[in-house]
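J.: could you work out the structure for the sequence below:
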Amino acid sequence: MKIDAHQHFWKYDPAEYRWISEEDVVLKRDFLPTDLDPLLRENGIDGCIAVQARQTIEETRWLLELAASHSKVKGVVGWVPLCEPNVAESLDRFSQSPFLVGLRHVVQDEPDDHFILREDFNQGVNELASRNLVYDILIFAKHLPQTIEFVDRHPELSFVLDHIAKPRIQAHSFDTQWQKGMLELGKRENVACKLSGMVTEVVGDHWEASLFIPYFETVLEAFGPARLMAGSDWPVCLLRSEYSRWHQTIRSLIRPLSASEQSAILGENATRVYQLSP
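T.: Numbers count the residues shown, from 1 in each chain. Presented below is the predicted three-dimensional model:
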């Protein structure tokens with residue numbers, strides 16, 4: 001089963017999506033499963049994981065309702081207030097849905113660069129493993145040292161790193177500190193990594209698939225083919241790339257690998273890690 005391991009649905013609300021700049025008019029509309037379905041068919045993809053964008057209980061409930069009514073939505077990475085003392089109650093309520101596969105917090109937007117190490121946040125994260133939920137890590141490259149310490153606090157939990165930790169991607173320059181952090185994080189066998197969110201980190205107006213080769217080679221060395229997942233970050237990717245172009249880019253990057261390794265990255269790893277139903 002081929003899976004797009006990272007995409008969003010939303011109903012556009014300018015009051016909520018303040019991080020979308022005025023010039024990004026392409027995102028100023030609703031993006032729903034009916035918009036994604038033809039793109040999945042065009043690219044031979046069987047389904048997707050819907051990942052939260054807003055940090056609200058209401059969005060998590062809505063995404064689970066979408067999954068229950070659209071067969072291509074195989075799972076949901078939602079949000080609950082992990083720092084709140086009643087987090088177990090929220091988790092128990094949402095875990096009744098077979099479509100909840102994980103949780104995420106938008107750590108990259110927290111003003112405290114060490115938010116991921118907060119005691120109340122980690123107490124909430126402690127509740128996930130017993131419920132067979134994955135935690136998706138959304139950070140910038142600068143957060144990698146803290147993230148490694150965070151992961152080490154939770155050896156029984158499965159993690160998925162979103163967007164290869166968002167390095168600054170540009171020609172003729174390479175972030176060796178990001179590379180060092182990724183290679184260290186990859187030593188943790190309970191961490192997988194999504195090949196997503198890369199086009200929007202490119203510096204400059206134009207990009208080619210070859211630009212991503214050193215970044216792909218780094219995550220391949222760090223995580224191996226068994227812990228990488230193809231993802232689109234649709235519709236955010238539309239700021240820099242059409243959906244099909246990005247999936248073609250992923251396929252070009254993994255082409256030197258064996259057929260079984262390519263199949264793992266294109267869907268089998270996401271199916272296993274998120275424990276998706278066929």
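J.: mind listing the strands for the stretch 51-200 of the chain?
T.: 73-78, 100-105, 134-137, 159-161, 191-195 (DSSP state E, counting those that start in this stretch).
J.: tell me, how many residues neighbour the residue lying closest to Ser97 once chain neighbours are set aside?
T.: Nearest residue to Ser97, sequence neighbours excluded (Cβ to Cβ, 6 or more residues apart in numbering): Leu64, at 4.7 Å. (Each C-beta comes from the backbone N, C-alpha and C, glycine too.) Neighbours of Leu64 under the rule other Cβ atoms under 10 Å: 21.
J.: so Leu64 sits right up against Ser95, yeah?
T.: No: counting by Cβ atoms under 8 Å, Leu64 does not reach Ser95; the two are 10.5 Å apart.
J.: quick one: the residue of the chain most remote from its centre and Leu239, what's the gap?
T.: Relative to the mean C-alpha coordinate of the chain, counting by Cα atoms, centre = their mean, the farthest residue is His172 (26.9 Å). Distance, His172 to Leu239, by Cβ to Cβ, to the nearest Å: 23 Å.
J.: and for Trp178?
T.: 21 Å.
J.: the two: which is more packed in?
T.: A direct count of neighbours by other Cβ under 10 Å for Trp178 and Leu239 places Trp178 higher, at 21 against 15.
J.: show me the contacts for the more buried one.
T.: Ala141, Leu144, Ala165, Pro167, Thr218 (Cβ atoms under 8 Å, 6 or more residues apart in numbering).
J.: residue ranges of the helices in the stretch 51-200 of the chain, please?
T.: 57-69, 87-94, 119-125, 144-152, 176-185 (DSSP state H, counting those that start in this stretch).
J.: out of these, which gets nearest to Arg104?
T.: Closest approach to Arg104 among these (Cβ to Cβ): helix 57-69, 10.1 Å.
J.: need the contact partners of the closest one.
T.: Helix 57-69 is contacted from outside by 9-10, 32-33, 50, 52-53, 73-76, 78-81, 90, 94, 97, 99-100, using Cβ under 8 Å, 6+ apart.
J.: mean pLDDT added to the helices of the stretch 51-200 of the chain, as JSON lines?
T.: Supplementary listing: those in JSON lines, determined by pLDDT from 0 to 100:
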{"stretch": "helix 57-69", "mean pLDDT": "97"}
{"stretch": "helix 87-94", "mean pLDDT": "95"}
{"stretch": "helix 119-125", "mean pLDDT": "98"}
{"stretch": "helix 144-152", "mean pLDDT": "98"}
{"stretch": "helix 176-185", "mean pLDDT": "98"}
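J.: pipe these into TSV and attach distance to Arg255 per row.
T.: Listed next are the helices of the stretch 51-200 of the chain as TSV, based on distance: least, Cβ to Cβ, whole Å:
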stretch	distance to Arg255
helix 57-69	32
helix 87-94	39
helix 119-125	37
helix 144-152	28
helix 176-185	22
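J.: what about these, which gets the closest to Leu161?
T.: Per Cβ to Cβ, nearest to Leu161 of the helices of the stretch 51-200 of the chain: helix 176-185, 7.0 Å.
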